[in-house]
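Peer 1: starting from these lines, generate the structure:
(one chain, ligands or ions: 1)
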Amino acid sequence: MSQSKTMNRLFFYMKRQRLLYTGLTFTMLLGVALDLWIAWFLSSVTNAASAGEMERWPFFIGLGTVVLLFIGLNSYLDHYWKTKVSVNIRKDMRNDTMEQLLKVSVPYRDDNHSGELLSRITTDNQAVGDGCGHTLMSLIKNPILIMASFVYLLLIHWQLALICLAIGPLTVLIGGIFGKLMRSNTGKLQETLGHMSAFLQDVLGGVAVYKTFGLERKLLRKFSRHNATIVQLETNGGKVEGAATSVSEVFGNLTFLIAILVAAFWVAKGSLEVGAMLAFIQLMNYLVGPFMQLPGQWASFQGSLGRADRIFSLLDAPTEVENLPEEGYANKVFSSLTMSDVIFQYSSSSIPVLDSVCFHATGGEVVAVVGASGGGKSTLFKLLLGFYPITTGKISIDGINIAEMSLHELRGYFAYVPQENHLFTGTIRDNIADGKADASEDEIINAARSANAYDFIMGMEEGLDTQVGERGTRLSGGQKQRISIARAILRNAPVLLLDEATAALDNESERLVQDALLKLMAGRTTLVIAHRLSTITHADRILVMENGRIVESGHHTELMRQRERYYQLYTTQLQKEVNHQEML
Ligand code: ADP
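Peer 2: So this is what the prediction gives:
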């Protein structure tokens, strides 16, 4: 994104803080005036002392005290408002980024790692906020202070003032060169930090795997590589900033020394008062100091713009909805679902994952989808839920093409029990209540009862208020499943999408989960991806999927009679179970 475009977009956030920026303009101008006042004070006191006018001392002391109070108050407000501006801009951007994260399409999420996206809402956001507060205000204040000091210098001694001017163009040049270098370096650094955060998220989520496979050293080596790149880029950043600072310091101090030598020469010749020289030195500080800081501040601001680019590119990502829908879903009446000639391929692959898929399900039916892994069963669900748009074929619910429905309307038909039960950090109550907006305590308890979860929940010390831990890690697989089922029961949607868990549970948990599922399925149309074929022998229809095609369809007895793919799958699985039992 070009720099002016980034600035324009940042301006949108800054405009909302116009009151604070107005306050900051006031404190900044007052700050400059107070700085100049000190130069005036120095010269007045020195000249008064030289002239032996000691009777003016009480006046100077009184004035000094009052002005110091002003300086204190002004500094406080200036600092506080700058921080407040940063905080507010960060808050607005964080909210927008979070909303955007919830709106981005599933294909975008497939292509972008969560950890990398996370770093935009955390570290990038932090840096942009800093850039719009302290850094930006210094970048505005310093040129004003420089100009005001210069005018004052001109009034004191115009020849001396002109010597100080030499530093100006040089600083602008240094700022330009180093600012560009800094922006590019910060961009790369942020990208690497994003990769590192993605890597860390993967690692932290895989504690059991890395511990049991002894991957700690390997992961540490990988981490060190990320770390080395970060060190390299940060060191480069340090070099650029260091070079900018050193060049400006050398030239700044050189200007300062030359000006002082010339001033001292004029004092010796009697054409400059001592008081004026003191004021002059003070003003030189206001002029040279900010000049020296400008390149570094400019570089840092450029860095913030680089971070802002990353946030804006996320804010520009394709979204599946324009506005977030209302919470929860209205109850739907459902009578039929049809998929006709659906061909689908993921953007990252060139071969279709679903190939001319057709099927029909009516109200109350149980349709099971079976077949080897990779056959396209989960993709079928994802299309029903509108995660990916289909290009060929049609899916319709109650005769309406889902492409013509809003996603909110479409998803209102479904409750989903995924294979990997995702619970959110929080209490068991919160997780069950996610099934329905404003669920009452009774509804939550009834859902937990129907899901055979109530007894184990009550057996826990804090009952429904028990914390489930990160992604539900404090619960067993069977317990998580039953909470997930309770959530779906509360959801009370007419069509249930059930991705049967592959992980085997102990017999008792299995029985409780199966029983809960039967209660959940009652009175609903259910599409179930089944891994254990023994659980679906009573399904109204079984679809056998292979390489994206439905190769067989019918009732269990029918398909067994045909003695083709389903028969093979079933007998192989049965044989495996028998072998397994014998081994035990
Ligand atoms: P199943 O549920 O039957 O195991 P899936 O529907 O998950 O099969 O996957 C079908 C095929 O689609 C697989 O080859 C898989 O690699 C591919 N696939 C699944 N999800 C994606 C995705 N998000 N992007 C690209 N390819 C995918």
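Peer 1: and Val417, how many neighbours?
Peer 2: 23 (other Cβ atoms under 10 Å). (Each C-beta comes from the backbone N, C-alpha and C, glycine too.)
Peer 1: ok and the residue in the stretch 1-150 of the chain nearest the ligand?
Peer 2: Distances between the stretch 1-150 of the chain and the ligand by Cβ to the nearest ligand atom are smallest at Asp110, namely 4.4 Å.
Peer 1: correct me, but that residue touches Lys382?
Peer 2: No. Applying Cβ atoms under 8 Å as the test, Asp110 and Lys382 come out as separate, 10.4 Å apart.
Peer 1: which residues touch the residue of the stretch 1-150 of the chain closest to the ligand?
Peer 2: Tyr346, Ser348 (Cβ atoms under 8 Å, 6 or more residues apart in numbering).
Peer 1: pLDDT on the helix or strand harbouring it, on average?
Peer 2: Per DSSP states H and E: Asp110 is located in helix 106-111. Averaging pLDDT along helix 106-111 yields 90.
Peer 1: so which elements touch the helix or strand following it?
Peer 2: For helix 106-111, the succeeding helix or strand toward the C-terminus, using DSSP H and E, is helix 114-119. Secondary-structure packing of helix 114-119 (3 or more Cβ pairs under 8 Å, 6 or more residues apart in numbering; DSSP states H and E): helix 167-205.
Peer 1: how far is the helix it packs on from where the chain is centred?
Peer 2: 18 Å (Cα atoms, centre = their mean, to the nearest Å).
Peer 1: cool, stretch 314-328 as well?
Peer 2: On Cα atoms, centre = their mean, the centre of stretch 314-328 falls 15 Å from the chain's centre.
Peer 1: so what's the residue count around the residue in the stretch 201-350 of the chain that the ligand sits nearest to?
Peer 2: Minimum separation of the stretch 201-350 of the chain from the ligand (Cβ to the nearest ligand atom) falls at Tyr346, amounting to 3.4 Å. Neighbours of Tyr346 under the rule other Cβ under 10 Å: 14.
Peer 1: residues in contact with the nearest residue in space to it that is not next to it in sequence?
Peer 2: Spatially, and ignoring its direct neighbours in sequence, Tyr346 is nearest to Val353 (6.2 Å; Cβ to Cβ, 6 or more residues apart in numbering). Contact analysis of Val353 by Cβ under 8 Å, 6+ apart lists Phe344, Gln345, Tyr346, Gly376, Thr379, Gly548.
Peer 1: residue contacts, the first one?
Peer 2: Just to be clear, that refers to Phe344. Phe344 touches Pro352, Val353, Leu354, Thr379, Leu383, Tyr388, Ile390, Thr391, Thr392, Gly393, counting by Cβ under 8 Å, 6+ apart.
Peer 1: restricted to helices, list the residues you listed.
Peer 2: Thr379, Leu383 (DSSP state H).
Peer 1: ok, and of the contacts of Phe344, which contact the ligand?
Peer 2: Within the set of these, contact with the ligand (Cβ under 6 Å from any ligand atom) is found for Val353, Thr379.
Peer 1: identify, from the contacts of Val353, the entry nearest to Ser105.
Peer 2: Tyr346 (12.6 Å; Cβ to Cβ).
Peer 1: lowest-pLDDT helix or strand in this protein?
Peer 2: helix 507-521 (a mean of 74; mean pLDDT, DSSP states H and E).
Peer 1: show me what that helix is packed up against.
Peer 2: strand 414-417, helix 441-450, helix 477-491, strand 495-499.
Peer 1: the residue of the stretch 201-350 of the chain closest to the ligand should be in a helix, yeah?
Peer 2: No. Counting by DSSP: H, G, I helix; E, B strand; the rest coil, Tyr346 falls outside a helix, being coil.
Peer 1: so what does it have for phi and psi?
Peer 2: phi -70, psi 150 (degrees, to the nearest 10).
Peer 1: equivalent analysis for Glu249, please.
Peer 2: Dihedral angles (degrees, to the nearest 10) for Glu249: phi -70, psi -40.
Peer 1: nearest spatial neighbour of it, skipping sequence neighbours?
Peer 2: Nearest non-adjacent residue to Glu249 (Cβ to Cβ, 6+ apart): Met292, at 5.7 Å.
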